[in-house]
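> coords please:
(one chain, ligands or ions: 1)
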Amino acid sequence: MITFDIITIFPNFFKSFLNESIIKRAQGKKLIRIRVFDLRDWAKDKHRTVDDKPFGGGRGMVLKLEPIYRALLNLKAQNAKLTKTILFSPRGKKFSQKMAHRYSKLQRVVLICGRYEGVDERVARHLVDEQLSIGDYVLMGGEVPAMTVIESVSRLIPGVLGHSELLEERMPKQKGRSSRAFTEYPQYTRPEIFVPKSGVKWPVPKILLQGHHQKIKTWREKRRKTIL
Ligand code: SAH
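The predicted structure is shown next:
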């Protein structure tokens, strides 16, 4: 079982994420475990302060080093076997399917969600294994990136996706190509023809309706996108 430990100042963000659909079922089947920790639990003052003004001036607030340090110490996350500690940052390494595969082999992934103007740089320098960005845009916090990583990693764990969700045929079987590659091609379902208000019909490509498997395969092959 893989454990995802999330450190956040907004634990409620994860309530529905944890309790819906595949992620819920995967926890029930003990294939994954997700624990959400409130960073404020590791603050020391009565106001449970986790942020402070940036040295050198500038706008906004920065997440402090000490609560994160204490959190990781408490979770025994550092130098633990098969554990990776990740800090989300728009300046981090770009997250990819390849990394999702690597993480799916771990026992534990600790995800630190930044907020405000970011996180004291000493966290990145001394406390984490990797800084991850989920793309070249700036979000408000690391909570959505944490969900992104958890979803993409979890679906790679055997048993998490059911038969109806896992399309075996998407795994290219040809020699020389990694069996980890996923192929995405256009999908259609009923109705065969949809007529919008304009009256100009939106039909499903005929080839998909004729039951000629080789032709369908070729058609999909031409339009697929492979995600490595
Ligand atoms: N002024 C900051 C913005 C921080 S955004 C800067 O430009 O660096 C606040 C937090 O959101 C970050 O600390 C990070 O944890 C998270 N975040 C924002 N965009 C992200 C992205 N593309 N990928 C991963 N995390 C991101």
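> residue 219 against residue 207, yeah?
Yes: Residue 219 is within contact range of residue 207, at 5.0 Å (criterion: Cβ atoms under 8 Å). For glycine as for every other residue, the C-beta is placed from the backbone atoms N, C-alpha and C.
> which one of the two has more residues nearby?
Each of residue 219 and residue 207 has its neighbours counted (other Cβ atoms under 10 Å); residue 219 has more, 16 against 13.
> just list the residues touching that one, thanks.
Going by Cβ atoms under 8 Å, 6 or more residues apart in numbering, residue 219 touches 205, 207-208.
> so how far is the strand ranked longest in the chain off the chain centroid?
Criterion DSSP state E: the longest strand present in the chain is strand 83-94. Distance of strand 83-94 from its chain centroid, counting by Cα atoms, centre = their mean, to the nearest Å, is 12 Å.
> could you tell me how far the helix or strand following that strand lies from the centre of the chain?
As assigned by DSSP states H and E, the chain's next helix or strand after strand 83-94 is helix 97-103. Here helix 97-103 is found 10 Å from its chain centre; the criterion is Cα atoms, centre = their mean.
> pull out the buried positions in helix 97-103.
Within helix 97-103, the residues that count as buried by 16 or more other Cβ atoms under 10 Å are 99-100, 103.
> low-confidence ranges in the chain?
167-180 (pLDDT under 70).
> point me to the residue of it nearest the ligand.
residue 114 (2.2 Å; Cβ to the nearest ligand atom).
> contact partners for the closest residue to that residue other than its chain neighbours?
Nearest residue to residue 114, sequence neighbours excluded (Cβ to Cβ, 6 or more residues apart in numbering): residue 142, at 4.7 Å. Counting by Cβ under 8 Å, 6+ apart, residue 142 makes contact with 8, 87-89, 111-115.
> tell me the SS of the residue with the largest distance to the centre of the chain?
Note on the chain: the largest C-alpha distance from the chain mean falls to residue 199, namely 40.8 Å (Cα atoms, centre = their mean). Three-state call for residue 199 (DSSP: H, G, I helix; E, B strand; the rest coil): coil.
> let me see the domain layout of the chain.
2-154, 164-227 (automatic domain parsing).
> tell me which of those domains is the most buried.
domain 2-154 (a mean of 17; mean count of other Cβ atoms under 10 Å).
> mind checking the end-to-end distance for that one?
9 Å (Cα to Cα, to the nearest Å).
> also stretch 15-26?
End-to-end distance (Cα to Cα), stretch 15-26: 15 Å.
> neighbouring contacts of that stretch?
With Cβ under 8 Å, 6+ apart, stretch 15-26 has contacts from 27, 32, 34, 36, 147, 150-151, 154-155, 157, 159-161, 165.
> which residues in this structure form strands?
For the chain, the strands defined by DSSP E occupy 2-8, 32-38, 51-52, 62-63, 83-94, 108-112, 130-133, 182-184, 193-194, 202-203, 225-227.
> including distance to residue 72, could those strands go into JSON lines?
JSON lines is the format used below for the strands of the chain (distance: least, Cβ to Cβ, whole Å):
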{"stretch": "strand 2-8", "distance to residue 72": "8"}
{"stretch": "strand 32-38", "distance to residue 72": "10"}
{"stretch": "strand 51-52", "distance to residue 72": "18"}
{"stretch": "strand 62-63", "distance to residue 72": "13"}
{"stretch": "strand 83-94", "distance to residue 72": "7"}
{"stretch": "strand 108-112", "distance to residue 72": "7"}
{"stretch": "strand 130-133", "distance to residue 72": "14"}
{"stretch": "strand 182-184", "distance to residue 72": "33"}
{"stretch": "strand 193-194", "distance to residue 72": "53"}
{"stretch": "strand 202-203", "distance to residue 72": "53"}
{"stretch": "strand 225-227", "distance to residue 72": "32"}
